[in-house]
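# Coordinates for the following, if possible.
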Amino acid sequence: MTETTSQDNKPQAPFDPVPLIAQELGLPARGVAAVAQLLAENATVPFIARYRKEVTGGLDEVQIRDIQEKRSYLIELEDRRVAILAEIGKQGKLTPELAAKIVACMSKTALEDLYLPYKPKRRTRAMIAKERGLEPLALKILAQEAGDPEAEAAAFVDAAKEVPSVQKALEGARDIVAEVLAESADALSNMIRDSFEYAHDVTGVRTTASEAWQLRAGVCQDMAHVMIAMCSSLGIAARYVSGHLVGDGASHAWVEIADPAHGRVVAIDPTHRRRTDLRYVTTATGRDYRDVAPTSGTYRGEGARATLTVRVAPRVLARPSR
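Presented below is the predicted three-dimensional model:
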């Protein structure tokens, strides 16, 4: 069991997930505690359900498996919380307010979001570009100021800083822009949604990102296409995700964006202005809708047999150069 540490580094009582599990699942704490103890002793779920009814209060296999999954999640969450508190404390940046937010966090995603500003960054191309003095040029590109980008970039050419040409200056500036936008994926998603009217029947499966942007209207697939196109134009790696949003009743689409500074992928749903969570079920990823068109629907019948015929037609997208 994980031992927690207070802000003054004094050992605290070992973390006990039982009260949280009992509250969330609506199960008796005594039965949950018995299951947790048996799981800690490496007992299997079927064994506990069949042969330890007297200590679990008769909990069935489904309830025991729910306890197992929730217990694993909470222990992993607590281990990560302890590590994050220690790392931020080592940096000398752990304020009482920040510590309180971290301690109150009950989601791995939310916990990582709190940690992000304090997470040591990898050395990226954007960092190298900043060291070469290209950040002011990147800020001009971000601000979309009027003017000639190549003429602006000419002022930053400096062989001593390993920026030998206008092209290299622009490449470095774009690396900085890409990193800023990857870290600000939420802002990019909100900008797209603010510009769009969610509307059926104004676009189709063949509508391009450019056409959807000109219309400023469409559905989730169109917003995903537009976000991918914007990312691509800035050199940000992004891909289309096809899947389902639990409770939405239909197929859905969102975007995954590479965040090289932190070595992660950020999943954003521009239609709902939010990052994805456990409600999002991925079925496939690709470049766009045509790569991963979803198969969705419900068949109802009277028990009669049905035959489904599928034909696959492979198509070569590109051949490797020799």
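# Would you map the strands across the stretch 151-300 of the chain?
Remark: strands assigned in the stretch 151-300 of the chain by DSSP state E, counting those that start in this stretch are 197-198, 217-218, 238-245, 251-259, 264-269, 274-275, 280-286.
# ok, now how distant is Lys53 from Arg123?
57 Å (CB to CB, to the nearest Å). Quick note: C-beta positions are derived from backbone N, CA and C, even for glycine.
# So the two - more neighbours on which side?
Higher neighbour count among Lys53 and Arg123: Lys53, with 13 against 9, using other CB atoms under 10 Å.
# ok, now which ones touch that one?
Leu59 (CB atoms under 8 Å, 6 or more residues apart in numbering).
# and if we set it to 10 Å?
31, 59-60 (CB atoms under 10 Å, 6 or more residues apart in numbering).
# and the gap between it and Val18?
19 Å.
# same thing with Ser242?
39 Å.
# Give me the more crowded residue out of these two.
Ser242 (24 against 20).
# and the nearest residue to Arg290 once chain neighbours are set aside, how many neighbours does it have?
Excluding the flanking residues, the one nearest Arg290 by CB to CB, 6 or more residues apart in numbering is Val205, at 7.5 Å. Using other CB under 10 Å, Val205 is surrounded by 8 other residues.
# Tell me who's in contact with Val205.
Counting by CB under 10 Å, 6+ apart, Val205 has contacts 221, 289-290, 293.
# Check these for burial and list the buried ones.
221, 289 (16 or more other CB atoms under 10 Å).
# Among the contacts of Val205, which ones are in helices?
Gln221 (DSSP state H).
# okay if I get the strands of the stretch 151-300 of the chain as a markdown table plus mean pLDDT?
Shown next, in a markdown table, are those (pLDDT from 0 to 100):
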| stretch | mean pLDDT |
| --- | --- |
| strand 197-198 | 91 |
| strand 217-218 | 93 |
| strand 238-245 | 93 |
| strand 251-259 | 90 |
| strand 264-269 | 89 |
| strand 274-275 | 89 |
| strand 280-286 | 92 |
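# got a markdown table for the ones you listed, with distance to Glu69 too?
Shown next, in a markdown table, are these (distance: least, CB to CB, whole Å):
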| stretch | distance to Glu69 |
| --- | --- |
| strand 197-198 | 35 |
| strand 217-218 | 38 |
| strand 238-245 | 21 |
| strand 251-259 | 24 |
| strand 264-269 | 21 |
| strand 274-275 | 22 |
| strand 280-286 | 17 |
